[in-house]
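*Asks:* Okay, predicted coordinates and the sequence, questions at the end:
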Protein chains: 2
Amino acid sequence: MNDVDRFARAAASAFPSYGHLTGHRRGELLRAIAGRLEANGEAIIESARQETSLGLPRLQGELARTCNQLRMFAALIEEGSWVSARIDHGKVDVRSMLRPIGPVAVFGASNFPLAFSVAGGDTASALAAGCPVIVKAHPAHPRTSALAGQAIAEVVPEGVFGLLFEEGYEAGIELVKHPLIKAVGFTGSLRGGRALMDAAASRAEPIPVFAEMGSINPVFILPRAMQERGAEIAAGLHTSVTLGVGQFCTNPGLVLTTGNEEFAGELATRIAATPAATMLTPAIAGAYRAGVESFASIANRRAFVDGEGGAALFTTNAENFLAHPELMHENFGPSTLVVECDSRARMIEIARALEGQLTVTIHAAEGEIDEYRDLLEILETKAGRIVFNGYPTGVEVVPAMVHGGPYPATSDGRSTSVGTRAIERFARPVAWQNAPDAVLPDELKESNPLGILRMVDGHIKPG
Amino acid sequence: MNDVDRFARAAASAFPSYGHLTGHRRGELLRAIAGRLEANGEAIIESARQETSLGLPRLQGELARTCNQLRMFAALIEEGSWVSARIDHGKVDVRSMLRPIGPVAVFGASNFPLAFSVAGGDTASALAAGCPVIVKAHPAHPRTSALAGQAIAEVVPEGVFGLLFEEGYEAGIELVKHPLIKAVGFTGSLRGGRALMDAAASRAEPIPVFAEMGSINPVFILPRAMQERGAEIAAGLHTSVTLGVGQFCTNPGLVLTTGNEEFAGELATRIAATPAATMLTPAIAGAYRAGVESFASIANRRAFVDGEGGAALFTTNAENFLAHPELMHENFGPSTLVVECDSRARMIEIARALEGQLTVTIHAAEGEIDEYRDLLEILETKAGRIVFNGYPTGVEVVPAMVHGGPYPATSDGRSTSVGTRAIERFARPVAWQNAPDAVLPDELKESNPLGILRMVDGHIKPG
């Protein structure tokens, strides 16, 4: 019995009792995990700094975010209405609510050693739903993973949490294929995510995979906005492109304009002046360098900084862009491509040609968006989040957030990995028909002892 | 350009405007479809009678149900809160709601020529969500399909609805693999559903498949309930097993008891006295006959009616049942298997061994369920609906209904094909960040012009 099997069996054994804890009790556990992470914050941050080359302020912010996420889900389940309770009185009495799906496998990301890793959003939302979690630690930050894992393991009941350190592809596939695993959360590359999707789909019992695989986060700059504040947008874009050495899934890798030399010049100057910086891993640095070379063979390399993680700016025209679909592939790092469109129609054509994205951004002057309603309609079908007059990096941890998007941004555009909707990935509806009140979960008892919002006979009733 | 491609392109063209109709307008369309179905009800029912051999009362009921479903979804989208609107004011303003996923392919069932076919629940929920629909008509009832399709086509805008009549497997796979199709609804066999799941998972852009593939709907009769009302349960079970010649996905094909000769005798007498009856298609009748033969080679054939669709009762002990997993396969028709468990522990062992089910049923005497809390905990993870002291056939069309369940009952146990939650299969969350109020959908505008329930800054606010 290897670790995968041992953890999966323990998780399955722990599931019935963990899945039936009250929302208040599970909320307490999530808050206790956040408390332990904070109590051990210095060691965790120092370990992450050594393992990832990310700066202290960034890692401090990420730890705070990780704890916020845990407390956001705690508040959600303590309140309790997330279960979408429904009651229909009638000749036949039917009551239903969301219940946890079972043990969940989580694959942490390289670029967020805390917030999208061992104690990150996938783990927080799965534990909140009532699912045991087995995390495969990212090999780029094993010590940080161990410290975060310790904070969880010290708090949750036996079997509810497992942490795998096996390196390599095989252990991950084995975990996804284990019959006791019922869903998967993943943050990483398209290649890695698709491999897990294929493994899950080929199981005797296929299971859902929620993989966030990144995107190029196109930024559309409409002509009047460009005229009015091109230089300001160039400055903002530069910050967004180079933030964290460009190692964000919301990094803006594509900019659509109707052409503006001043803007391109300003952006080039800023990119050229960006210091080179160590990336997360040598493999990521190598892949980024290769991506830059590949782009340079197709588009115009307008600015480039030599050295590891050196920023890069490419420009090209719409025709060349549309002729080379490889320019739509994500190049993970501080690089962006400005495509100059010779007409409004070209911009629309490119919008239509886009693959699924986590975000799209539009810069528009006052009232200008009204002339681009058709563009907006297209973009709504392409992304999980539409940003106005801003930049895609920075994903607010708030209930309304959508951090998802049509494939290949994620495996399932019907889901989000940030925001309270993330809990719905790990839950399934169950109905009780003509059940004695004593047998029903508290959420469905006639007297509504938890005081939650419910739909009763088709009408929504606040608690 | 064949029909699949033509319909898919038309659906994709129609999607932006159809997907942006108001809930009130789409509700009107659904109500108009129901009205047309009723206006042409006589011809539709007569056609279905000829094509399916189902009786008039059943078909009249099914037409009423089909229209109820359309009106239930109309009411849901007219009210509007189903979109799960969320607003977070903050330094960054984030607002999100569910939006339609895009063109949906629907595969009708053989056994419900109206309610789970062309104008059935999948079509109603997809149209309600704002998705164009392309239905592949079931070859067992082409004229009924054409009549139902006419009722839809006369009402919805050009391109929003397409009806394919091509027979055979290939056209269905081609439809699921068409790049403009974004989701699939299916009701039918495990083999057919799994083929569509595999086709969808192997696409360049994988898409979700919501396949309802049936189950054996186990019925647990606890000892005191058996003692108190064994004969009554036998009568109820007989009705449920033989209803509609057993051609329901909720047909109870497995009964677990701790042994009771009087009960088995009563059920055998009733099964033996059931008239044979024509089944939906010769293929279904042939498969049922073969299933009965196969069961007879493993279990004791306690009662059997000769002739097409003849009812059958098998009995066996728990040991033999657990040794022959093929006894857990659905035999679509009026047949059931009673497994006598020599102990409570055996009953639990069988519960644990069950695959995913649409329903499980428990018959318990007053207070008896308290002694079987462990059984209930297991069953909750095995089925979408738990029926108490009743029978699984008969799926109420009410908002709370769950007609789904873990694989292989369905492709995705997180979904239901009946009840208002069915609309969520065809929708995805989209967020707007710092959007001008004029650009936002009405559901997300600050003033809440639609008066819907929303989550604002983490708190639920009734409209």
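*Replies:* Now that the structure is in, tell me what you want to look at. Residues are numbered from 1 along each chain as shown, chains lettered A, B, ... in the order given.
*Asks:* For the residue in the stretch 101-250 of chain A that chain B sits nearest to, grab the count of nearby residues.
*Replies:* Residue nearest to chain B within the stretch 101-250 of chain A (CB to the nearest CB): A:A201, separated by 3.6 Å. Any C-beta I mention is one placed from the backbone N, CA and C, and that applies to glycine too. Other residues lying near A:A201 total 19 when counted by other CB atoms under 10 Å in any protein chain shown.
*Asks:* try the one 3 residues further on
*Replies:* When counting by other CB under 10 Å, one arrives at 9 neighbours for A:A204.
*Asks:* Kindly report the same for A:I173.
*Replies:* For A:I173, which is what you asked about, the neighbour count (other CB under 10 Å) is 16.
*Asks:* Quick check: which element contains it?
*Replies:* helix A:169-177 (DSSP states H and E).
*Asks:* touching chain B at all, that helix?
*Replies:* No: using CB under 8 Å from any CB of the partner chain as the criterion, no contacts between helix A:169-177 and chain B are found, and the smallest distance is 13.4 Å.
*Asks:* which parts of that helix are buried?
*Replies:* Within helix A:169-177, the residues that qualify as buried by neighbour count (16 or more other CB atoms under 10 Å in any protein chain shown) are A:A171, A:G172, A:I173, A:E174, A:L175, A:V176, A:K177.
*Asks:* Tell me which strands the worst-scoring helix or strand of chain A on mean pLDDT pairs with, and in which orientation.
*Replies:* Comparing every helix and strand of chain A by mean pLDDT, DSSP states H and E singles out strand A:459-461 as the least confident one, with a mean of 92. When sheet partners are counted by DSSP bridges, strand A:459-461 sits next to strand A:454-456 (antiparallel).
*Asks:* tell me the mean pLDDT over the partner strand?
*Replies:* Regarding strand A:454-456, the rounded mean pLDDT is 97.
*Asks:* tell me how far it is from the chain's mean position?
*Replies:* Between the centre of strand A:454-456 and the centre of its chain there are 31 Å (CA atoms, centre = their mean, to the nearest Å).
*Asks:* Confirm for me that A:V118 is in contact with A:S145.
*Replies:* Yes: distance between A:V118 and A:S145: 4.8 Å, which falls inside the contact criterion (CB atoms under 8 Å).
*Asks:* Give me the contact list for the least confident helix or strand of chain A.
*Replies:* Taking CB atoms under 8 Å, 6 or more residues apart in numbering or on different chains as the criterion, the residues outside strand A:459-461 that touch it are A:L453, A:R454, A:M455, B:S81, B:L453, B:P462.
*Asks:* between A:V118 and A:S145, what contacts are shared?
*Replies:* Applying CB under 8 Å, 6+ apart, one finds that A:V118 and A:S145 are jointly contacted by A:G108, A:V135, A:A137, A:L163.
*Asks:* Can you check the pLDDT for the closest residue to A:L98 other than its chain neighbours?
*Replies:* The spatially closest residue to A:L98, leaving aside those adjacent along the chain, is A:A427, at 3.9 Å (CB to CB, 6 or more residues apart in numbering or on different chains). In the prediction, the pLDDT value recorded for A:A427 is 98.
*Asks:* Can I take it that A:P113 is in a strand?
*Replies:* No: with DSSP: H, G, I helix; E, B strand; the rest coil as the criterion, A:P113 is located in coil rather than a strand.
*Asks:* one step back: which secondary structure elements does the helix holding A:I173 contact?
*Replies:* helix A:3-19, strand A:104-107, strand A:133-136, helix A:190-201 (3 or more CB pairs under 8 Å, 6 or more residues apart in numbering or on different chains; DSSP states H and E).
*Asks:* between those, which gets nearest to B:N317?
*Replies:* Relative to B:N317, the nearest member of these by CB to CB is helix A:3-19, separated by 27.3 Å.
*Asks:* That closest one vs helix A:169-177, what angle?
*Replies:* Note on geometry: by axes from the mean of the first three to the mean of the last three CA atoms, to 10 degrees, helix A:3-19 and helix A:169-177 are set 30 degrees apart in direction.
*Asks:* that older thread, skipping adjacent residues, who's closest to the residue of the stretch 101-250 of chain A closest to chain B in space?
*Replies:* Leaving out its chain neighbours, A:A201 is closest to B:A201 (CB to CB, 6+ apart), at 3.6 Å.
*Asks:* Could you say which helix or strand holds the closest residue to A:R36 other than its chain neighbours?
*Replies:* Using CB to CB, 6+ apart and skipping residues adjacent in sequence, the residue nearest A:R36 is A:A151, 3.8 Å away. In this structure, A:A151 sits in helix A:142-153 according to DSSP H and E.
*Asks:* Now find how far off-centre whichever helix or strand comes after that helix is within its chain.
*Replies:* Scanning forward in sequence from helix A:142-153, with DSSP H and E defining helices and strands, the next element found is strand A:161-164. Between the mean C-alpha location of strand A:161-164 and the chain-wide mean there is a distance of 21 Å, by CA atoms, centre = their mean.
*Asks:* for stretch A:166-173, same thing?
*Replies:* The gap between the average C-alpha position of stretch A:166-173 and the chain average comes to 21 Å, counting by CA atoms, centre = their mean.
*Asks:* Would you tell me which residues of the stretch 51-200 of chain A are close to chain B?
*Replies:* Contact residues of the stretch 51-200 of chain A with respect to chain B, defined by CB under 8 Å from any CB, are listed as A:75, A:81, A:84, A:86-88, A:90, A:92, A:94-96, A:99, A:101-102, A:197-198.
*Asks:* Which among the residues you listed count as buried?
*Replies:* Restricting those to buried positions leaves A:75, A:81, A:84, A:86-88, A:94-96, A:99, A:101-102, A:197, with burial counted as 16+ other CB under 10 Å.
*Asks:* Can you pick out the ones from these that are in helices?
*Replies:* Judged by DSSP state H, these include A:A75, A:M197 as members of helices.
*Asks:* Including distance to B:R26 and pLDDT, could the buried ones among the residues of the stretch 51-200 of chain A next to chain B go into a markdown table?
*Replies:* Output for these, formatted as a markdown table (distance: CB to CB, whole Å; pLDDT from 0 to 100):
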| residue | distance to B:R26 | pLDDT |
| --- | --- | --- |
| A:A75 | 34 | 97 |
| A:S81 | 27 | 96 |
| A:S84 | 22 | 97 |
| A:R86 | 22 | 98 |
| A:I87 | 26 | 98 |
| A:D88 | 23 | 98 |
| A:V94 | 26 | 98 |
| A:R95 | 28 | 98 |
| A:S96 | 25 | 98 |
| A:R99 | 31 | 98 |
| A:I101 | 31 | 98 |
| A:G102 | 36 | 98 |
| A:M197 | 32 | 98 |
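*Asks:* The stretch 251-400 of chain A against chain B: which residues are in contact?
*Replies:* That would be A:356, A:369-370, A:376-378, A:380-381, A:383-390, A:394, A:396, A:398-400, which are the residues of the stretch 251-400 of chain A within reach of chain B (CB under 8 Å from any CB).
*Asks:* try it again with 10 Å
*Replies:* For the stretch 251-400 of chain A, the residues found near chain B under the criterion CB under 10 Å from any CB of the partner chain are A:355-356, A:359, A:361-362, A:364, A:366-367, A:369-370, A:372-374, A:376-392, A:394-400.
*Asks:* Those in strands, which ones?
*Replies:* With DSSP state E as the criterion, strands contain A:T359, A:T361, A:I362, A:A383, A:G384, A:R385, A:I386, A:V387, A:F388 from among those.
*Asks:* Report the contact partners of the fourth one.
*Replies:* Contact criterion CB atoms under 10 Å, 6 or more residues apart in numbering or on different chains gives A:215, A:217-218, A:354, A:356-361, A:392, A:402, A:404-406, A:409, A:413, B:430-431 as the residues in contact with A:A383.
*Asks:* rewinding a little: neighbour-wise, which one of the ones in strands among the residues of the stretch 251-400 of chain A next to chain B leads?
*Replies:* Of all those, the most densely surrounded is A:T359 (31 neighbours; neighbours counted as other CB under 10 Å).
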